[in-house]
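In: Sequence below, structure please.
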Amino acid sequence: MDPARLRRSRLAALLLGLVPLAGCDADRASVVLAATTSTYDSGLLERLVRAYQEAHPERRIRTVVVGSGEALELGRRGDADVLLVHAPEAENRFVEAGHALERTPVMYNGFVIVGPAEDPVGIRGLADPSDALRRVAAARASFVSRGDGSGTHERELALWREAGVSPDGPWYIESGQGQGTSLQLASERRAYTLTDEATFRVLARLLDLAPLVEGDGSLLNLYSALVTRAGRRPREGAAFVEWLTSEAGRAVIATFGVGEGGAPLFTPLLVGTRLPIPAPHGGSDPAELQAPDSISGGPGAPAGRAGARNLRQAG
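Out: Predicted structure coming up:
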């Protein structure tokens, strides 16, 4: 078997077997959790669900793994009780439209632009991700976009807007798939792409891709949990979110990936504290994000508007 096909088969096997989620039987489920694909592909989702149900064996969670945009739509329709997503601007609109009972920042890591190790465009180490994308577009180098309305896709589009580029043409490839599959496609096409660092680190050994641009404040990747207003089990959903932000939940997040890669893949947020993040585009002083206790939903809710502004500044 040729090396490329071997990598594809190993990656497919890893993605298929990565998270045999506990509590997936709909008859046993008490809470429907819609979670973004990056938590699935990295393996964190399985770890969180397992730990929660070990601590609370009387409770059951059924997971639905989709992009953040689709997760928010499931929440709007009442098909999910709680969401774990990373699309701050879309979350702002969801909260302000009254679709969430509360919104709680949970954890963060970073996005990273990856591409062929030889980096034919020459973006390695650039401080400004938008400058990197301008160079990719100018060279018409292959770029894989999620194209699925996910949090990663929303951040990618924001970076293109900042770069003053409307990506189009055969060099711009929309996968319409989750993070793991999109990374596989980028590897096969020797293309650049934007990814969350957790999924990339988990799959890196199976990909012909290298991290090229990272660390800028505009690449902050925030995850929040939202209890939906239209869901059938708001109390149970809120209980899961409370556990996520408890000492026990934070410990699961803080230690996830340490054994495999030597450093955690996500950093939990201590609710109510301030989070230092890199200043965007070469600024010398760190910016800070206030992580509120929770952001109450509903039009005209002062706490919701204040929290939305905080998240917009970070996102």
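
In: mind listing the strands for the stretch 101-250 of the chain?
Out: Ranges of strands in the stretch 101-250 of the chain, per DSSP state E, counting those that start in this stretch, are 143-145, 172-174, 192-196, 210-214, 220-228.

In: and P292, what pLDDT?
Out: Model confidence at P292, given as pLDDT, is 37.

In: cool, and A55?
Out: 95.

In: If I look at the nearest residue in space to it that is not next to it in sequence, what pLDDT would I see?
Out: If the residues on either side of it in the chain are set aside, A55 comes closest to A248, at 6.4 Å by Cβ to Cβ, 6 or more residues apart in numbering. Any C-beta I mention is one placed from the backbone N, CA and C, and that applies to glycine too. With respect to pLDDT, A248 has a value of 95.

In: could the strands of the stretch 101-250 of the chain go into JSON lines alongside mean neighbour count, mean pLDDT and distance to L33?
Out: Shown next, in JSON lines, are the strands of the stretch 101-250 of the chain (neighbours: other Cβ atoms under 10 Å; pLDDT from 0 to 100; distance: least, Cβ to Cβ, whole Å):
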{"stretch": "strand 143-145", "mean neighbour count": "25", "mean pLDDT": "98", "distance to L33": "26"}
{"stretch": "strand 172-174", "mean neighbour count": "17", "mean pLDDT": "98", "distance to L33": "27"}
{"stretch": "strand 192-196", "mean neighbour count": "28", "mean pLDDT": "97", "distance to L33": "18"}
{"stretch": "strand 210-214", "mean neighbour count": "19", "mean pLDDT": "97", "distance to L33": "29"}
{"stretch": "strand 220-228", "mean neighbour count": "26", "mean pLDDT": "94", "distance to L33": "9"}
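
In: can you list these in JSON lines and add distance to P105?
Out: As requested, these are exported to JSON lines (distance: least, Cβ to Cβ, whole Å):
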{"stretch": "strand 143-145", "distance to P105": "26"}
{"stretch": "strand 172-174", "distance to P105": "29"}
{"stretch": "strand 192-196", "distance to P105": "16"}
{"stretch": "strand 210-214", "distance to P105": "21"}
{"stretch": "strand 220-228", "distance to P105": "5"}
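
In: Quick one: closest of these to L126.
Out: strand 210-214 (5.3 Å; Cβ to Cβ).

In: Verify the stated contact: F266 with T255.
Out: No: with contact defined as Cβ atoms under 8 Å, F266 and T255 do not form a contacting pair (9.9 Å).

In: what about those two, which has more around it?
Out: F266 (24 against 14; other Cβ atoms under 10 Å).

In: which residues sit in contact with the more buried one?
Out: Counting by Cβ atoms under 8 Å, 6 or more residues apart in numbering, F266 touches S42, L44, M107, Y108, N109, A198, Y223, I253, A254, F256, G257.

In: how about a cut-off of 7 Å?
Out: Contacts here follow Cβ atoms under 7 Å, 6 or more residues apart in numbering; on that basis F266 touches L44, M107, N109, A198, I253, F256.

In: again, but for P167
Out: By Cβ under 7 Å, 6+ apart, P167 lies in contact with A137, F143, W160.

In: Go again with 8 Å.
Out: Contacts for P167 (Cβ under 8 Å, 6+ apart) come out as A137, F143, S145, W160.

In: re earlier: for the strands of the stretch 101-250 of the chain, which one sits closest to E118?
Out: strand 210-214 (8.7 Å).

In: next one: the closest one to chain centre, how far?
Out: A distance of 17 Å separates the centroid of the chain from that of strand 210-214, by Cα atoms, centre = their mean, to the nearest Å.

In: hmm, who's touching that strand?
Out: 110-117, 119, 123-126, 129, 132, 192, 197, 200, 219.

In: Same question for stretch 33-40.
Out: The contact list for stretch 33-40, computed with Cβ under 8 Å, 6+ apart, reads 18-19, 45-46, 48-49, 61-68, 70-71, 74-75, 79-86, 150-152, 178-180, 196, 198-199, 223, 237, 240.

In: In PyMOL, how would I select just the buried ones from the residues you listed?
Out: The following PyMOL line selects those of these that are buried, judged by 16 or more other Cβ atoms under 10 Å:
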select buried, resi 18+19+45+46+48+49+61+62+63+65+66+67+68+70+71+74+75+79+80+81+82+83+84+85+86+150+151+152+178+179+180+196+198+199+223+237+240
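
In: Return the subset of the contacts of stretch 33-40 lying in helices.
Out: Using DSSP state H, the subset of those located in helices is 45-46, 48-49, 68, 70-71, 74-75, 151-152, 179-180, 198-199, 237, 240.

In: list the contacts for E162?
Out: If you count contacts by Cβ under 8 Å, 6+ apart, then E162 has S130, S218 around it.
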